[in-house]
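Peer 1: need a 3D model of the following:
(chains A and B)
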Protein chains: 2
Amino acid sequence: MITKAKQKLIQSLKVKKYRKKHAAFVVEGSKSVLELLRSSLTVLKVYALPEWAEAHAVELRKQGIEVSLAKQRELQGASFLSTADQVIAIARLPEENLLESHITKGLTLVLDGVRDPGNLGTIIRTADWFGIRHIVCSEDCVDAYNPKVVRATMGSLFRSNLCYLELADLFARFKEVPVCAAVLNGHNAFEFKFPKPAFLVIGNESNGVQAATKAHLTHAVTIPRIGKAESLNAAVAAGLLCALAMK
Amino acid sequence: MITKAKQKLIQSLKVKKYRKKHAAFVVEGSKSVLELLRSSLTVLKVYALPEWAEAHAVELRKQGIEVSLAKQRELQGASFLSTADQVIAIARLPEENLLESHITKGLTLVLDGVRDPGNLGTIIRTADWFGIRHIVCSEDCVDAYNPKVVRATMGSLFRSNLCYLELADLFARFKEVPVCAAVLNGHNAFEFKFPKPAFLVIGNESNGVQAATKAHLTHAVTIPRIGKAESLNAAVAAGLLCALAMK
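Peer 2: The predicted structure follows:
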(Lines give C-alpha, C1' and ligand atoms only; values in the text may rest on other atoms or scores of the structure.)
Protein backbone atom coordinates (compact mmCIF):
# COMPACT_ATOMS: atom_id res chain seq x y z
CA MET A 1 0.00 0.00 0.00
CA ILE A 2 0.96 3.65 -0.35
CA THR A 3 0.25 5.47 2.90
CA LYS A 4 -1.19 8.98 2.77
CA ALA A 5 2.17 10.30 3.98
CA LYS A 6 3.96 8.47 1.16
CA GLN A 7 1.46 9.79 -1.39
CA LYS A 8 2.20 13.31 -0.15
CA LEU A 9 5.93 12.71 -0.34
CA ILE A 10 5.63 11.47 -3.94
CA GLN A 11 3.46 14.47 -4.84
CA SER A 12 6.14 16.77 -3.43
CA LEU A 13 8.65 15.35 -5.93
CA LYS A 14 6.83 17.25 -8.67
CA VAL A 15 8.78 20.25 -7.39
CA LYS A 16 12.51 20.56 -8.05
CA LYS A 17 13.28 21.79 -4.52
CA TYR A 18 11.92 18.57 -3.05
CA ARG A 19 13.57 16.39 -5.68
CA LYS A 20 16.90 17.92 -4.62
CA LYS A 21 16.05 17.61 -0.92
CA HIS A 22 15.17 13.91 -1.19
CA ALA A 23 17.65 13.24 -4.05
CA ALA A 24 14.82 11.40 -5.77
CA PHE A 25 12.47 11.65 -8.73
CA VAL A 26 9.34 9.89 -9.96
CA VAL A 27 8.79 7.69 -13.00
CA GLU A 28 5.26 6.76 -14.06
CA GLY A 29 3.93 4.29 -16.57
CA SER A 30 4.79 0.71 -17.42
CA LYS A 31 7.13 1.36 -20.36
CA SER A 32 9.16 4.03 -18.59
CA VAL A 33 9.38 2.08 -15.34
CA LEU A 34 10.60 -1.04 -17.20
CA GLU A 35 13.29 1.08 -18.89
CA LEU A 36 14.23 2.44 -15.48
CA LEU A 37 14.57 -1.05 -14.01
CA ARG A 38 16.89 -2.04 -16.87
CA SER A 39 19.05 1.06 -16.42
CA SER A 40 21.98 1.66 -14.09
CA LEU A 41 19.96 4.06 -11.91
CA THR A 42 19.15 3.20 -8.31
CA VAL A 43 15.48 2.35 -7.88
CA LEU A 44 14.25 3.26 -4.40
CA LYS A 45 10.68 2.03 -4.62
CA VAL A 46 8.16 0.57 -7.04
CA TYR A 47 4.43 0.76 -6.36
CA ALA A 48 2.17 -1.19 -8.67
CA LEU A 49 -1.19 -2.83 -9.09
CA PRO A 50 -1.01 -6.58 -8.37
CA GLU A 51 -1.79 -7.36 -12.03
CA TRP A 52 1.21 -5.30 -13.20
CA ALA A 53 3.53 -6.99 -10.70
CA GLU A 54 2.27 -10.36 -11.85
CA ALA A 55 2.60 -9.57 -15.54
CA HIS A 56 6.23 -8.52 -15.03
CA ALA A 57 7.19 -11.01 -12.34
CA VAL A 58 10.01 -12.59 -14.36
CA GLU A 59 11.64 -9.28 -15.20
CA LEU A 60 11.25 -8.01 -11.63
CA ARG A 61 12.87 -11.14 -10.23
CA LYS A 62 15.70 -10.87 -12.77
CA GLN A 63 16.36 -7.29 -11.68
CA GLY A 64 15.98 -8.16 -8.00
CA ILE A 65 13.23 -5.59 -7.56
CA GLU A 66 10.61 -5.89 -4.85
CA VAL A 67 7.30 -4.27 -5.66
CA SER A 68 4.95 -2.75 -3.08
CA LEU A 69 1.47 -3.67 -4.18
CA ALA A 70 -0.96 -0.74 -4.28
CA LYS A 71 -4.60 -0.04 -4.93
CA GLN A 72 -5.73 2.07 -7.89
CA ARG A 73 -6.84 4.90 -5.61
CA GLU A 74 -3.51 4.95 -3.79
CA LEU A 75 -1.66 5.20 -7.10
CA GLN A 76 -4.03 8.00 -8.09
CA GLY A 77 -3.25 9.83 -4.86
CA ALA A 78 0.46 9.64 -5.64
CA SER A 79 0.28 10.21 -9.42
CA PHE A 80 0.97 13.44 -11.31
CA LEU A 81 -1.37 12.29 -14.07
CA SER A 82 -5.10 12.85 -14.24
CA THR A 83 -5.42 9.09 -14.70
CA ALA A 84 -2.71 7.18 -12.86
CA ASP A 85 -0.90 4.40 -14.66
CA GLN A 86 -0.47 0.89 -13.22
CA VAL A 87 2.93 1.61 -11.75
CA ILE A 88 4.91 4.42 -10.12
CA ALA A 89 8.60 4.19 -9.29
CA ILE A 90 10.88 6.41 -7.25
CA ALA A 91 14.50 6.52 -8.33
CA ARG A 92 17.58 8.17 -6.90
CA LEU A 93 18.68 11.33 -8.73
CA PRO A 94 21.94 10.29 -10.40
CA GLU A 95 25.15 12.12 -9.56
CA GLU A 96 26.15 14.57 -12.25
CA ASN A 97 29.29 13.39 -13.89
CA LEU A 98 30.99 15.52 -16.52
CA LEU A 99 32.88 12.92 -18.52
CA GLU A 100 36.08 14.68 -19.52
CA SER A 101 37.32 11.68 -21.46
CA HIS A 102 34.17 11.78 -23.60
CA ILE A 103 34.09 15.54 -24.12
CA THR A 104 37.61 15.60 -25.52
CA LYS A 105 36.82 12.80 -27.98
CA GLY A 106 33.15 12.62 -28.92
CA LEU A 107 30.12 14.74 -29.56
CA THR A 108 28.49 16.47 -26.58
CA LEU A 109 25.07 18.02 -26.93
CA VAL A 110 24.75 21.39 -25.20
CA LEU A 111 21.32 22.84 -24.45
CA ASP A 112 21.30 26.59 -24.02
CA GLY A 113 18.16 27.72 -22.22
CA VAL A 114 15.69 25.04 -23.36
CA ARG A 115 12.67 25.88 -21.20
CA ASP A 116 9.83 23.72 -22.45
CA PRO A 117 9.64 20.32 -20.71
CA GLY A 118 8.21 18.62 -23.80
CA ASN A 119 11.03 19.99 -25.94
CA LEU A 120 13.73 18.96 -23.49
CA GLY A 121 12.27 15.46 -23.20
CA THR A 122 11.98 15.07 -26.97
CA ILE A 123 15.56 16.31 -27.43
CA ILE A 124 16.90 13.77 -24.91
CA ARG A 125 14.93 11.00 -26.65
CA THR A 126 16.12 12.10 -30.10
CA ALA A 127 19.74 12.36 -28.97
CA ASP A 128 19.47 8.82 -27.60
CA TRP A 129 18.16 7.63 -30.99
CA PHE A 130 21.23 9.08 -32.69
CA GLY A 131 23.61 7.68 -30.07
CA ILE A 132 24.36 10.93 -28.22
CA ARG A 133 24.38 10.23 -24.49
CA HIS A 134 26.34 13.14 -23.11
CA ILE A 135 24.26 16.28 -22.63
CA VAL A 136 25.17 19.48 -20.85
CA CYS A 137 22.28 21.79 -19.94
CA SER A 138 22.72 25.46 -19.09
CA GLU A 139 21.55 26.39 -15.61
CA ASP A 140 18.44 28.05 -17.09
CA CYS A 141 17.20 24.91 -18.86
CA VAL A 142 14.14 23.22 -17.36
CA ASP A 143 15.06 20.43 -14.90
CA ALA A 144 15.36 17.08 -16.66
CA TYR A 145 13.77 15.25 -13.69
CA ASN A 146 10.61 17.36 -13.98
CA PRO A 147 7.84 14.76 -14.50
CA LYS A 148 6.86 16.19 -17.90
CA VAL A 149 10.43 15.85 -19.13
CA VAL A 150 10.76 12.35 -17.70
CA ARG A 151 7.61 11.29 -19.53
CA ALA A 152 8.63 12.86 -22.85
CA THR A 153 12.03 11.11 -22.85
CA MET A 154 10.24 7.74 -22.92
CA GLY A 155 13.06 6.03 -21.06
CA SER A 156 15.96 7.70 -22.87
CA LEU A 157 16.65 9.84 -19.79
CA PHE A 158 17.90 6.75 -17.94
CA ARG A 159 20.54 6.08 -20.60
CA SER A 160 21.74 9.69 -20.81
CA ASN A 161 24.51 11.39 -18.89
CA LEU A 162 23.25 14.88 -18.01
CA CYS A 163 24.98 17.78 -16.30
CA TYR A 164 23.75 21.26 -15.44
CA LEU A 165 26.53 23.82 -15.76
CA GLU A 166 27.29 27.43 -16.45
CA LEU A 167 28.10 27.13 -20.17
CA ALA A 168 30.79 29.81 -20.08
CA ASP A 169 32.68 27.67 -17.54
CA LEU A 170 32.26 24.59 -19.73
CA PHE A 171 33.64 26.29 -22.83
CA ALA A 172 36.47 27.89 -20.84
CA ARG A 173 37.45 24.52 -19.39
CA PHE A 174 37.46 22.76 -22.78
CA LYS A 175 38.94 25.51 -24.93
CA GLU A 176 40.27 23.09 -27.52
CA VAL A 177 36.83 21.55 -28.25
CA PRO A 178 35.04 23.22 -31.21
CA VAL A 179 31.63 24.76 -30.47
CA CYS A 180 29.02 24.31 -33.24
CA ALA A 181 25.56 25.85 -33.22
CA ALA A 182 22.73 26.58 -35.59
CA VAL A 183 22.46 30.31 -36.17
CA LEU A 184 21.48 32.54 -39.09
CA ASN A 185 23.90 32.81 -42.02
CA GLY A 186 26.12 29.86 -41.07
CA HIS A 187 27.35 26.99 -43.22
CA ASN A 188 24.62 24.86 -44.79
CA ALA A 189 24.12 22.11 -42.20
CA PHE A 190 23.67 19.50 -44.95
CA GLU A 191 27.07 20.22 -46.41
CA PHE A 192 28.89 20.89 -43.16
CA LYS A 193 31.32 18.29 -41.86
CA PHE A 194 30.88 18.30 -38.10
CA PRO A 195 34.23 18.13 -36.30
CA LYS A 196 34.93 15.65 -33.53
CA PRO A 197 35.28 16.25 -30.67
CA ALA A 198 32.64 18.95 -30.67
CA PHE A 199 29.99 20.68 -28.64
CA LEU A 200 26.71 20.86 -30.56
CA VAL A 201 24.65 23.72 -29.12
CA ILE A 202 20.84 23.91 -29.34
CA GLY A 203 19.39 27.28 -28.39
CA ASN A 204 16.30 28.50 -26.61
CA GLU A 205 12.86 28.03 -28.23
CA SER A 206 12.25 31.74 -28.82
CA ASN A 207 15.64 33.38 -28.76
CA GLY A 208 17.98 30.74 -30.13
CA VAL A 209 21.56 30.55 -28.93
CA GLN A 210 22.15 33.11 -26.18
CA ALA A 211 24.62 35.96 -26.67
CA ALA A 212 27.02 34.70 -23.99
CA THR A 213 27.25 31.37 -25.83
CA LYS A 214 27.64 32.97 -29.26
CA ALA A 215 30.91 34.48 -28.08
CA HIS A 216 32.33 30.94 -27.85
CA LEU A 217 31.12 29.65 -31.24
CA THR A 218 33.75 28.29 -33.54
CA HIS A 219 31.44 26.84 -36.22
CA ALA A 220 28.14 28.42 -37.27
CA VAL A 221 25.75 26.19 -39.17
CA THR A 222 22.33 26.91 -40.63
CA ILE A 223 19.43 24.62 -41.47
CA PRO A 224 18.47 26.06 -44.83
CA ARG A 225 14.96 27.47 -45.07
CA ILE A 226 13.12 26.90 -48.33
CA GLY A 227 9.66 28.05 -47.26
CA LYS A 228 8.41 30.81 -45.01
CA ALA A 229 8.09 29.59 -41.42
CA GLU A 230 9.80 32.05 -39.12
CA SER A 231 11.59 29.36 -37.14
CA LEU A 232 11.91 25.65 -36.54
CA ASN A 233 10.78 23.95 -33.33
CA ALA A 234 13.80 23.43 -31.05
CA ALA A 235 13.36 19.64 -30.89
CA VAL A 236 13.03 19.37 -34.68
CA ALA A 237 16.17 21.50 -35.17
CA ALA A 238 18.00 19.43 -32.56
CA GLY A 239 16.92 16.22 -34.30
CA LEU A 240 18.25 17.39 -37.63
CA LEU A 241 21.58 18.56 -36.24
CA CYS A 242 22.10 15.38 -34.18
CA ALA A 243 21.30 13.31 -37.27
CA LEU A 244 23.69 15.25 -39.49
CA ALA A 245 26.46 15.25 -36.90
CA MET A 246 26.18 11.50 -36.28
CA LYS A 247 25.28 10.08 -39.71
CA MET B 1 -16.54 45.11 -27.12
CA ILE B 2 -17.17 41.37 -27.17
CA THR B 3 -20.71 40.66 -26.01
CA LYS B 4 -21.36 37.67 -23.75
CA ALA B 5 -23.11 35.96 -26.68
CA LYS B 6 -20.06 36.54 -28.89
CA GLN B 7 -17.74 35.19 -26.17
CA LYS B 8 -19.87 32.09 -26.01
CA LEU B 9 -19.81 31.72 -29.80
CA ILE B 10 -16.01 32.02 -29.84
CA GLN B 11 -15.73 29.48 -27.01
CA SER B 12 -17.85 27.06 -29.03
CA LEU B 13 -15.26 27.16 -31.84
CA LYS B 14 -12.97 25.10 -29.64
CA VAL B 15 -15.08 22.15 -30.80
CA LYS B 16 -14.80 20.82 -34.35
CA LYS B 17 -18.55 20.41 -34.75
CA TYR B 18 -19.09 24.12 -34.20
CA ARG B 19 -16.14 25.09 -36.37
CA LYS B 20 -17.79 23.16 -39.21
CA LYS B 21 -21.22 24.60 -38.43
CA HIS B 22 -19.99 28.21 -38.50
CA ALA B 23 -17.23 27.51 -41.08
CA ALA B 24 -14.91 29.45 -38.80
CA PHE B 25 -11.94 29.02 -36.49
CA VAL B 26 -10.08 31.08 -33.91
CA VAL B 27 -6.57 32.49 -33.96
CA GLU B 28 -5.05 33.91 -30.78
CA GLY B 29 -1.92 35.91 -30.13
CA SER B 30 -0.28 38.84 -31.83
CA LYS B 31 2.22 36.93 -33.98
CA SER B 32 -0.29 34.39 -35.27
CA VAL B 33 -2.97 37.02 -35.94
CA LEU B 34 -0.51 39.16 -37.90
CA GLU B 35 0.41 36.13 -40.00
CA LEU B 36 -3.31 35.50 -40.54
CA LEU B 37 -3.89 39.07 -41.71
CA ARG B 38 -1.05 38.73 -44.24
CA SER B 39 -2.40 35.43 -45.57
CA SER B 40 -5.01 34.77 -48.23
CA LEU B 41 -7.57 33.56 -45.66
CA THR B 42 -10.77 35.48 -45.04
CA VAL B 43 -10.70 37.24 -41.68
CA LEU B 44 -14.17 37.57 -40.22
CA LYS B 45 -13.41 39.51 -37.06
CA VAL B 46 -10.51 40.83 -35.01
CA TYR B 47 -10.94 41.71 -31.33
CA ALA B 48 -8.04 43.47 -29.65
CA LEU B 49 -6.98 45.68 -26.79
CA PRO B 50 -6.77 49.33 -27.88
CA GLU B 51 -2.99 49.32 -27.36
CA TRP B 52 -2.59 46.39 -29.76
CA ALA B 53 -4.76 48.07 -32.41
CA GLU B 54 -2.73 51.23 -32.03
CA ALA B 55 0.62 49.47 -32.20
CA HIS B 56 -0.41 47.76 -35.46
CA ALA B 57 -2.48 50.57 -36.97
CA VAL B 58 -0.35 50.87 -40.12
CA GLU B 59 -0.47 47.16 -40.90
CA LEU B 60 -4.20 46.98 -40.15
CA ARG B 61 -4.89 49.92 -42.47
CA LYS B 62 -2.74 48.34 -45.18
CA GLN B 63 -4.73 45.10 -44.95
CA GLY B 64 -8.04 46.95 -44.73
CA ILE B 65 -8.88 45.31 -41.43
CA GLU B 66 -11.22 46.90 -38.93
CA VAL B 67 -10.58 45.93 -35.34
CA SER B 68 -13.25 45.73 -32.66
CA LEU B 69 -11.73 47.12 -29.50
CA ALA B 70 -12.15 44.91 -26.46
CA LYS B 71 -11.42 44.93 -22.76
CA GLN B 72 -9.01 42.45 -21.19
CA ARG B 73 -11.82 40.65 -19.36
CA GLU B 74 -13.85 40.29 -22.56
CA LEU B 75 -10.85 38.77 -24.34
CA GLN B 76 -10.43 36.46 -21.36
CA GLY B 77 -14.06 35.39 -21.64
CA ALA B 78 -13.52 34.48 -25.29
CA SER B 79 -10.01 33.02 -25.02
CA PHE B 80 -9.02 29.35 -24.93
CA LEU B 81 -5.89 30.26 -22.97
CA SER B 82 -5.59 30.57 -19.21
CA THR B 83 -4.20 34.06 -19.83
CA ALA B 84 -5.71 35.69 -22.91
CA ASP B 85 -3.42 37.41 -25.37
CA GLN B 86 -3.99 40.97 -26.63
CA VAL B 87 -5.85 39.88 -29.73
CA ILE B 88 -8.25 37.20 -30.95
CA ALA B 89 -9.28 36.77 -34.57
CA ILE B 90 -11.94 34.67 -36.21
CA ALA B 91 -11.21 33.44 -39.71
CA ARG B 92 -13.22 31.55 -42.29
CA LEU B 93 -12.34 27.85 -42.61
CA PRO B 94 -10.70 27.63 -46.04
CA GLU B 95 -12.19 25.37 -48.68
CA GLU B 96 -10.27 22.14 -49.08
CA ASN B 97 -8.62 22.07 -52.43
CA LEU B 98 -6.70 19.02 -53.59
CA LEU B 99 -4.27 20.51 -56.09
CA GLU B 100 -3.94 17.84 -58.74
CA SER B 101 -1.43 19.88 -60.71
CA HIS B 102 0.83 19.97 -57.65
CA ILE B 103 0.43 16.34 -56.66
CA THR B 104 1.52 15.09 -60.07
CA LYS B 105 4.63 17.29 -60.01
CA GLY B 106 5.84 18.10 -56.52
CA LEU B 107 6.15 16.65 -53.04
CA THR B 108 2.97 16.16 -51.02
CA LEU B 109 3.17 15.44 -47.32
CA VAL B 110 0.70 12.78 -46.16
CA LEU B 111 -0.14 12.42 -42.47
CA ASP B 112 -1.44 9.01 -41.52
CA GLY B 113 -3.26 9.17 -38.18
CA VAL B 114 -1.31 11.96 -36.46
CA ARG B 115 -3.37 12.43 -33.31
CA ASP B 116 -1.44 14.81 -31.10
CA PRO B 117 -2.31 18.48 -31.74
CA GLY B 118 1.19 19.66 -30.82
CA ASN B 119 2.75 17.15 -33.22
CA LEU B 120 0.43 18.10 -36.07
CA GLY B 121 1.10 21.81 -35.52
CA THR B 122 4.86 21.28 -35.36
CA ILE B 123 4.76 19.15 -38.53
CA ILE B 124 2.83 21.86 -40.44
CA ARG B 125 5.32 24.48 -39.23
CA THR B 126 8.31 22.29 -40.15
CA ALA B 127 6.89 21.47 -43.58
CA ASP B 128 6.45 25.21 -44.19
CA TRP B 129 10.12 25.80 -43.24
CA PHE B 130 11.19 23.28 -45.88
CA GLY B 131 8.81 24.67 -48.49
CA ILE B 132 6.19 21.91 -48.39
CA ARG B 133 2.76 23.52 -48.56
CA HIS B 134 0.58 20.68 -49.72
CA ILE B 135 -0.50 18.35 -46.95
CA VAL B 136 -3.07 15.57 -47.01
CA CYS B 137 -4.31 14.31 -43.63
CA SER B 138 -6.04 10.99 -43.14
CA GLU B 139 -9.55 11.29 -41.73
CA ASP B 140 -8.30 10.08 -38.33
CA CYS B 141 -5.74 12.87 -37.93
CA VAL B 142 -6.56 15.56 -35.36
CA ASP B 143 -8.33 18.57 -36.92
CA ALA B 144 -5.82 21.20 -38.06
CA TYR B 145 -8.11 24.04 -36.94
CA ASN B 146 -8.13 22.75 -33.36
CA PRO B 147 -6.81 25.70 -31.31
CA LYS B 148 -3.80 23.73 -30.04
CA VAL B 149 -2.79 22.88 -33.60
CA VAL B 150 -3.35 26.46 -34.78
CA ARG B 151 -1.07 27.74 -32.00
CA ALA B 152 1.67 25.16 -32.63
CA THR B 153 1.84 26.01 -36.36
CA MET B 154 2.85 29.59 -35.46
CA GLY B 155 1.27 31.00 -38.60
CA SER B 156 2.40 28.29 -41.00
CA LEU B 157 -1.15 26.90 -41.13
CA PHE B 158 -2.26 29.98 -43.08
CA ARG B 159 0.27 29.29 -45.83
CA SER B 160 -0.49 25.57 -46.11
CA ASN B 161 -2.94 23.81 -48.35
CA LEU B 162 -4.56 21.07 -46.27
CA CYS B 163 -7.05 18.37 -47.19
CA TYR B 164 -8.63 15.61 -45.15
CA LEU B 165 -9.14 12.47 -47.19
CA GLU B 166 -9.40 8.72 -47.07
CA LEU B 167 -5.79 7.87 -47.95
CA ALA B 168 -6.72 4.74 -49.90
CA ASP B 169 -8.78 6.95 -52.23
CA LEU B 170 -5.90 9.38 -52.61
CA PHE B 171 -3.40 6.67 -53.56
CA ALA B 172 -5.91 5.02 -55.89
CA ARG B 173 -6.56 8.30 -57.65
CA PHE B 174 -2.86 9.10 -58.12
CA LYS B 175 -1.54 5.64 -58.90
CA GLU B 176 1.47 6.95 -60.79
CA VAL B 177 2.78 9.01 -57.85
CA PRO B 178 5.37 7.11 -55.72
CA VAL B 179 4.52 6.66 -52.04
CA CYS B 180 7.49 7.01 -49.64
CA ALA B 181 7.34 6.39 -45.91
CA ALA B 182 9.64 5.78 -42.99
CA VAL B 183 9.34 2.19 -41.80
CA LEU B 184 11.68 -0.40 -40.33
CA ASN B 185 14.28 -1.95 -42.64
CA GLY B 186 13.94 0.53 -45.49
CA HIS B 187 16.64 2.40 -47.44
CA ASN B 188 18.86 4.64 -45.32
CA ALA B 189 17.05 7.99 -45.50
CA PHE B 190 20.37 9.86 -45.73
CA GLU B 191 21.37 7.98 -48.87
CA PHE B 192 17.93 7.74 -50.44
CA LYS B 193 17.14 9.94 -53.43
CA PHE B 194 13.52 10.98 -52.97
CA PRO B 195 11.57 10.79 -56.25
CA LYS B 196 9.45 13.65 -57.52
CA PRO B 197 6.50 13.74 -57.70
CA ALA B 198 6.02 11.82 -54.45
CA PHE B 199 3.84 11.34 -51.45
CA LEU B 200 5.88 11.47 -48.24
CA VAL B 201 3.94 9.64 -45.53
CA ILE B 202 4.37 10.30 -41.79
CA GLY B 203 2.74 7.73 -39.53
CA ASN B 204 0.96 7.75 -36.22
CA GLU B 205 2.87 8.59 -33.02
CA SER B 206 2.59 5.12 -31.51
CA ASN B 207 1.89 2.80 -34.40
CA GLY B 208 3.69 4.39 -37.32
CA VAL B 209 2.32 4.00 -40.83
CA GLN B 210 -1.00 2.14 -40.75
CA ALA B 211 -1.39 -1.23 -42.44
CA ALA B 212 -3.84 0.06 -45.08
CA THR B 213 -1.26 2.66 -46.11
CA LYS B 214 1.63 0.20 -46.13
CA ALA B 215 -0.12 -1.68 -48.94
CA HIS B 216 0.44 1.37 -51.17
CA LEU B 217 4.10 2.01 -50.33
CA THR B 218 6.49 2.08 -53.25
CA HIS B 219 9.60 3.31 -51.37
CA ALA B 220 10.46 2.34 -47.80
CA VAL B 221 13.02 4.53 -46.05
CA THR B 222 14.49 4.30 -42.56
CA ILE B 223 16.06 6.93 -40.34
CA PRO B 224 19.03 4.98 -39.05
CA ARG B 225 19.19 4.46 -35.31
CA ILE B 226 22.60 4.60 -33.69
CA GLY B 227 21.55 4.63 -30.02
CA LYS B 228 18.80 2.89 -28.08
CA ALA B 229 15.64 5.02 -28.06
CA GLU B 230 12.70 2.88 -29.09
CA SER B 231 11.29 5.44 -31.50
CA LEU B 232 11.58 8.99 -32.74
CA ASN B 233 8.96 11.66 -32.04
CA ALA B 234 6.66 12.00 -35.10
CA ALA B 235 7.45 15.68 -35.60
CA VAL B 236 11.21 15.06 -35.37
CA ALA B 237 10.95 12.21 -37.89
CA ALA B 238 8.79 14.37 -40.17
CA GLY B 239 11.31 17.20 -39.94
CA LEU B 240 14.16 14.94 -40.95
CA LEU B 241 12.30 13.40 -43.88
CA CYS B 242 11.04 16.77 -45.15
CA ALA B 243 14.58 18.14 -44.92
CA LEU B 244 16.10 15.19 -46.76
CA ALA B 245 13.40 15.19 -49.43
CA MET B 246 13.70 18.93 -50.10
CA LYS B 247 17.42 19.63 -49.58
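Peer 1: for the rest of this, base every contact and every neighbour count on C-alpha atoms.
Peer 2: Will do.
Peer 1: residue numbers of chain A in contact with chain B?
Peer 2: Counting by C-alpha under 8 Å from any C-alpha of the partner chain, the positions of chain A adjacent to chain B are A:122, A:125-126, A:128-132, A:154-156, A:190, A:224-233, A:235-236, A:239-240, A:247.
Peer 1: I'd like to know which of those are buried.
Peer 2: Burial by neighbour count, judged by 16 or more other C-alpha atoms under 10 Å in any protein chain shown, picks out A:122, A:125-126, A:128-132, A:154-156, A:190, A:224-225, A:227-229, A:231-233, A:235-236, A:239-240 from the residues of chain A next to chain B.
Peer 1: and the residues you listed, which of them are in helices?
Peer 2: Cross-referencing these with the helices (criterion: DSSP state H) gives A:122, A:125-126, A:128-129, A:235-236, A:239-240 as the overlap.
Peer 1: how's chain A carved up into domains?
Peer 2: Per automatic domain parsing, the domain ranges recorded for chain A read A:4-92, A:100-246.
Peer 1: of all these, which lies closest to residue B:150?
Peer 2: For residue B:150, the closest of the domains of chain A is domain A:100-246, at 13.6 Å, according to C-alpha to C-alpha.
Peer 1: how far does that closest one sit from the chain's center?
Peer 2: 12 Å (C-alpha atoms, centre = their mean, to the nearest Å).
Peer 1: mind listing what the lengthiest strand in chain A pairs with, with the direction of each?
Peer 2: As assigned by DSSP state E, the longest strand anywhere in chain A is strand A:179-188. In the sheet containing strand A:179-188, its partner strands are strand A:198-202 (parallel), strand A:219-222 (parallel), by DSSP bridges.
Peer 1: before we move on, the earlier item: just flag the most distant two among the ones in helices among the buried ones among the residues of chain A next to chain B.
Peer 2: A:128 and A:236 (14.2 Å).
Peer 1: residue A:209 - how many residues pack around it?
Peer 2: 21 (other C-alpha atoms under 10 Å in any protein chain shown).
Peer 1: list the contacts of the nearest residue to it once chain neighbours are set aside.
Peer 2: In space, residue A:209 comes closest to residue A:203 once its chain neighbours are excluded; the distance is 4.0 Å by C-alpha to C-alpha, 6 or more residues apart in numbering or on different chains. Shown in contact with residue A:203 (C-alpha atoms under 8 Å, 6 or more residues apart in numbering or on different chains): A:111-114, A:181-182, A:209-210, A:234.
Peer 1: thought residue A:187 was touching residue A:222?
Peer 2: Yes. Because the distance of 5.7 Å satisfies C-alpha atoms under 8 Å, residue A:187 is recorded as touching residue A:222.
Peer 1: where do the strands sit along chain A?
Peer 2: Remark: strands assigned in chain A by DSSP E are A:24-28, A:43-48, A:68-69, A:87-92, A:107-111, A:134-138, A:161-165, A:179-188, A:198-202, A:219-222.
Peer 1: may I see those strands organised as JSON lines, with mean pLDDT and mean neighbour count added?
Peer 2: Formatted as JSON lines, the strands of chain A follow (pLDDT from 0 to 100; neighbours: other C-alpha atoms under 10 Å in any protein chain shown):
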{"stretch": "strand A:24-28", "mean pLDDT": "98", "mean neighbour count": "25"}
{"stretch": "strand A:43-48", "mean pLDDT": "96", "mean neighbour count": "20"}
{"stretch": "strand A:68-69", "mean pLDDT": "96", "mean neighbour count": "17"}
{"stretch": "strand A:87-92", "mean pLDDT": "97", "mean neighbour count": "22"}
{"stretch": "strand A:107-111", "mean pLDDT": "97", "mean neighbour count": "26"}
{"stretch": "strand A:134-138", "mean pLDDT": "97", "mean neighbour count": "23"}
{"stretch": "strand A:161-165", "mean pLDDT": "96", "mean neighbour count": "19"}
{"stretch": "strand A:179-188", "mean pLDDT": "93", "mean neighbour count": "18"}
{"stretch": "strand A:198-202", "mean pLDDT": "97", "mean neighbour count": "26"}
{"stretch": "strand A:219-222", "mean pLDDT": "96", "mean neighbour count": "19"}
